[in-house]
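Novice: quick one: sequence and predicted model below, then my questions.
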Amino acid sequence: MARLFGTDGVRGVANDELTPLLAMQLGQAGAYVLTKENDHKPTIMVGCDTRISGDMLANALMAGICSVGANAVYVGVMPTPAVAYLTRKHKVDAGVVISASHNSVEFNGIKFFDKDGYKLPDSMEDEIEALISSNFEGVSFPTGTAIGKIEYVNNASEEYIEHSIKSVPVDLTGRKIVIDCAEGASYYTSVQALTRLGADLVAIHNNPDGTNINDKCGSTHMEELRDRVLSEKAALGLAFDGDADRLLAVDELGNMVDGDQIMAIVGNHMKNQGKLKLDTIVVTVMSNLGLTIMAKENNINIETTKVGDRYVLERMKEIGASLGGEQSGHVILLDENTTGDGLLSALHLLQVVVDTGKSLSELASIMNVLPQALVNAMVPNPIKDKYMDYPEIADAIAKLEAKFAGEGRVLIRPSGTEPKVRVMIEGKDKNVIDEEAKKLAELIEKIMV
């Protein structure tokens, strides 16, 4: 069968691809694999975002957890980074989030954290999949008092809010800030944190009803946030996604500030304060070349990984870095949490605004964002990794690399989940890179049939 786990857990259309049965099996297999070395009755924390299928899948998952003899603690609607933090804080054996992040309401997903709040490595995900594929061969299911139980906790979000405020106690008194909560898991935590820090807060899309998550709002639809920042004459705007593990921003002029720019602003400020470990930021191959140029000008090192915040995190742990992330807004501040954290990212960005006395547009000018063109070429899954085996494609890529050398770059990346090869070109002239990316994608499609 196709691999269940993608770059961010198991994801699909709820009650179709991601069924209650599969959720129960993932609960069983995940609980077994993550806790099989324990000499005590294990406990797993479970949270979800606001989408209507969350309760259905969470209850199925927790039934699976209990059926292999583990206990579940259900914290309800909670940002992904809050579950990661609380898993670690309360020393439970694992954490699970039911969320499809920035996807629309019909989707949902299941992602696991280990006892330290870190996403699982590929090898452990493979072990979970293998157990499900084998129909739980070798697993004994307990009866009687050995079955697990569920504890329901209603106030866990307060612990996460307090942790965030204590981590970055920035004084926001008198600053007008607009936030877009994406009708998602940040609807309470982000509003409370920023209000308690003194912000003059304008909150939009903070009334989730189970069906409106990410619906023309949040970090994937920032038009309304931009308009509101301008009409309110606010200092800036902040956009979260459905599970609040990513952040994008809008400056006071209405310009978007993406994850690369946020890392540039926060990273440079941390370096100046002596808080940027190794003077290094860890990013993916999709980060804008402008970030690399900014880093070089400010004596900051850039480490690059393949796409996926989990791979950024793995590299950060390997080398001991404190800051990393993705252009999409996943920013990891490893001294304070173990995963992308939209609220912490927002507070760090606001701290730079307060400390420097500069507007967000001034701060964002530290990085010159080079235009990017991204075109997908439809290619059969079995051969999508073999594009360099075709001489005509390899030759076209080499010529483009020579053309843009020093003033841009060419990145070809097979999709991890779809029958596509992604063609990304970066350069100074948007029209030129758009045309070249389209031509190369058409060539790949024509030849790789």
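Specialist: Here it is on my side, so go on.
Novice: centre of the chain to stretch 163-181, how far?
Specialist: Distance, stretch centre to chain centre, for stretch 163-181: 21 Å (C-alpha atoms, centre = their mean, to the nearest Å).
Novice: and that stretch, average pLDDT?
Specialist: Averaging pLDDT along stretch 163-181 gives 98.
Novice: buried ones in that stretch?
Specialist: Judged by neighbour count (16 or more other C-beta atoms under 10 Å), stretch 163-181 contains these buried residues: 163-165, 167-168, 170, 172, 175-181. For the C-beta atoms, the positions are set from N, CA and C on the backbone; glycine is no exception.
Novice: in helices, which of those residues appear?
Specialist: Within the buried residues of stretch 163-181, residues falling in helices by DSSP state H are 163, 164, 165, 167.
Novice: from the centroid of the protein, which residue is nearest?
Specialist: The residue lying closest to the centre of the chain (C-alpha atoms, centre = their mean) is residue 330, at 4.4 Å.
Novice: pull up the pairing partners for the one helix or strand in the chain whose mean pLDDT sits lowest, direction included.
Specialist: Least confident element among the helices and strands of the chain, by mean pLDDT, DSSP states H and E: strand 5-6 (a mean of 81). The strands that strand 5-6 pairs with in its sheet are strand 9-13 (antiparallel) (by DSSP bridges).
Novice: which SSE is immediately downstream of the strand it pairs with?
Specialist: helix 20-35 (DSSP states H and E).
Novice: which other residues reach the helix or strand following that following helix?
Specialist: Following helix 20-35 in sequence order, the next helix or strand is strand 43-48 (DSSP H and E). By C-beta atoms under 8 Å, 6 or more residues apart in numbering, the residues outside strand 43-48 that reach it are 30-31, 34-35, 54-55, 57-58, 61-62, 65, 70-78, 80, 82-83, 86-87, 90, 92-99, 156, 185.
Novice: just to revisit the earlier point, now for the residue nearest to the centre of the chain: which residues touch it?
Specialist: Residues near residue 330 by C-beta under 8 Å, 6+ apart: 245, 246, 259, 309, 312, 340.
Novice: same question for residue 87.
Specialist: Per C-beta under 8 Å, 6+ apart, neighbours of residue 87: 45, 94, 95, 113, 115, 116, 117.
Novice: what residues of stretch 381-398 count as buried?
Specialist: Buried residues in stretch 381-398, defined by neighbour count with 16+ other C-beta under 10 Å: 384, 387, 393, 396, 397.
Novice: roughly how far is that stretch from the heart of the chain?
Specialist: Stretch 381-398 sits 30 Å away from the centroid of its parent chain (C-alpha atoms, centre = their mean).
Novice: could you do stretch 85-95 as well?
Specialist: Using C-alpha atoms, centre = their mean, the offset of stretch 85-95 from its chain centre is 19 Å.
Novice: now do stretch 119-138
Specialist: Counting by C-alpha atoms, centre = their mean, stretch 119-138 is centred 23 Å from the centre of its parent chain.
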